[in-house]
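# Fold the following for me, if possible:
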Amino acid sequence: MSARGEAPLAVLVLLAAAFVLAAPLVGRAGHPGAADVLMGLAAGCGVLSFGVAGWATLRAARRGTRPPQGGDRS
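Numbering: from 1, shown residues only. Here you go, the predicted model:
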């Protein structure tokens with residue numbers, strides 16, 4: 001993936017991590033419903049990140065692009 005293609009994936013993964021880390025704090029602060037919502041959002045971000053990665057993979061396959069090869073073969 002290009003840097004442009006990796007940005008949405010990185011944002012989703014970081015959001016999921018932030019929601020997972022915040023949920024226990026919110027739950028212990030006396031808001032168990034809000035903690036459940038945060039965990040649901042984290043799960044949604046995780047599922048969506050797999051979708052974004054799959055979409056980028058299929059798009060690259062249709063273009064016929066290959067990952068960079070290591071070393072010079074000339």
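
# Enumerate every residue touching the nearest residue to residue 13 once chain neighbours are set aside.
Spatially, and ignoring its direct neighbours in sequence, residue 13 is nearest to residue 49 (5.5 Å; CB to CB, 6 or more residues apart in numbering). All C-beta spots, glycine's among them, are computed from the backbone N, C-alpha and C. Applying CB atoms under 8 Å, 6 or more residues apart in numbering to residue 49 gives the contacts 9, 12-13, 16.

# Can you tell me which of the residues you listed lies closest to residue 63?
Distances from residue 63 to the contacts of residue 49, taken as CB to CB, are shortest for residue 9 (17.7 Å).

# on that earlier part again, got a ChimeraX select line for the buried ones in the contacts of residue 49?
In ChimeraX, this line selects whichever of the contacts of residue 49 come out buried by 16 or more other CB atoms under 10 Å:
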select :9,12,13,16
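
# Please flag which of the contacts of residue 49 sit within helices.
Judged by DSSP state H, the contacts of residue 49 include 9, 12-13, 16 as members of helices.

# a markdown table please, covering the residues you listed and showing pLDDT.
A markdown table is the format used below for those (pLDDT from 0 to 100):
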| residue | pLDDT |
| --- | --- |
| 9 | 89 |
| 12 | 91 |
| 13 | 92 |
| 16 | 95 |
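
# Next, give me the two most distant ones among those.
9 and 16, at 10.9 Å, using CB to CB across the ones in helices among the contacts of residue 49.
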